[in-house]
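# Using only what follows, build the 3D model:
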Amino acid sequence: MDLVLIEALKVDTVIGVYDWERTITQTLVLDLTLATDIRPAAANDDIAMTLDYAAISDRVLAFGTEHSFELVETFAERLADTLRREFGIPWLRLTLRKPGAVPAATAVGVSIERGERSAS
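This next block holds a predicted model:
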């Protein structure tokens, strides 16, 4: 399996457990590693035969606009499920950071892996 990368994608969304957080949008920073076989796309120079990172990025941005969650864990889990289902992604790693959530840290967040990454 090959890996398609989307790094430091900034997503504005309503996220947080505190009342004040529910009234504003905050920026999350996402890194995605997506498993696919790039050989057919490379052999034919055809974007339709690979994961379209522009389309996936647009979907992630729309997801942030469409949803609001209290926990970054919920955001990550639901987004991973959405991307795997809509784009046929067999395995992904999603790292989600919430900058500024803890004053002494650059960011806090979660990193999850979902699906199966098979060797081909």
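# show me the contacts for I47.
By Cβ atoms under 8 Å, 6 or more residues apart in numbering, the contact set of I47 is A41. In short, each C-beta sits where N, CA and C put it, glycine included.
# With I89 instead?
L34, A35, T36, L51, L83, G115.
# Would you verify that it is located in a strand?
No - according to DSSP: H, G, I helix; E, B strand; the rest coil, I89 belongs to no strand; its state is coil.
# That one and R114: what is the separation?
Separation of I89 from R114 (Cβ to Cβ, to the nearest Å): 9 Å.
# Tell me which other helices or strands the helix or strand where D12 lies touches.
Assigned by DSSP states H and E, D12 belongs to strand 2-15. The contact analysis (3 or more Cβ pairs under 8 Å, 6 or more residues apart in numbering; DSSP states H and E) places strand 2-15 against strand 26-36, helix 53-66, strand 68-69, helix 72-87.
# Out of the ones you listed, which is the most enclosed?
Ranked by mean neighbour count under mean count of other Cβ atoms under 10 Å, the helices and strands packed on strand 2-15 are led by strand 26-36, which reaches a mean of 19.
# Which neighbouring elements make contact with that one?
Helices and strands touching strand 26-36, by 3+ Cβ pairs under 8 Å, 6+ apart, are strand 2-15, helix 53-66, helix 72-87, strand 91-99, strand 107-115.
# can we see that at 6 Å?
Secondary-structure packing of strand 26-36 (3 or more Cβ pairs under 6 Å, 6 or more residues apart in numbering; DSSP states H and E): strand 2-15, strand 91-99.
# Now those in TSV, please, with extra columns for mean neighbour count and distance to L79.
Formatted as TSV, the helices and strands packed on strand 26-36 follow (neighbours: other Cβ atoms under 10 Å; distance: least, Cβ to Cβ, whole Å):
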stretch	mean neighbour count	distance to L79
strand 2-15	15	9
strand 91-99	20	7
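# L61: which of these is closest?
strand 2-15 (5.9 Å; Cβ to Cβ).
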